[in-house]
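# Return a 3D structure for these sequence lines:
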Amino acid sequence: MHRAGVKFMLGTDIPAYYAYTGFTVHDELALFVQAGFTPLEALQTATINPAKFLGLEKSLGTVEKGKVADLVLLDANPLDNIANTKKISAVVVSGRYLSKEKLQEMLRNAEQR
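Below you'll find the predicted structure:
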């Protein structure tokens, strides 16, 4: 289907107790690459493809002036190896910068709940 031009979207809506929202994204991206997608095509399943499906590509889906975006800053290029999506340096969510240290603190706090 992919070779025929069908656009895929990443999805994390599995009803599993062991799957935590956000963490399974990395595994899903790796599975897309294992299935024959390039790393760029795999990343597009989580960015531009959903934006186009929802008709929001003019405001979401790519990093461009005037668009809305939450960003994940990485220490290594995911186009070289899709597993590099796990090497998170920081994120920007709703304009708020969260360092690696802050993210780790937030994760520790969540684990204690």
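# from here on, contacts and neighbour counts on C-alpha atoms
Will do.
# Return the list of strands paired to the longest strand anywhere in the chain, each annotated with direction.
Assignment by DSSP state E gives strand 88-93 as the longest strand of the chain. Sheet pairing of strand 88-93 (DSSP bridges) gives strand 71-74 (antiparallel), strand 96-99 (antiparallel).
# List the buried residues in that strand.
Residues of strand 88-93 classed as buried under the neighbour-count rule (16 or more other Cα atoms under 10 Å) are 89-91.
# again, but for stretch 101-113
So for stretch 101-113, nothing qualifies as buried (16+ other Cα under 10 Å).
# so how far is it off the chain centroid?
Computed by Cα atoms, centre = their mean, to the nearest Å, the chain-centroid distance of stretch 101-113 equals 20 Å.
# ok, back up a step: got the CA positions of the longest strand of the chain in CSV?
Extracted C-alpha coordinates of strand 88-93, given in CSV (Å, rounded to 0.1, in the frame of the first residue of the first chain):
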residue,chain,number,x,y,z
ILE,A,88,15.8,13.9,23.2
SER,A,89,17.7,17.0,24.2
ALA,A,90,14.7,19.2,24.9
VAL,A,91,11.1,19.9,23.8
VAL,A,92,9.2,23.1,23.1
VAL,A,93,5.5,22.7,24.0
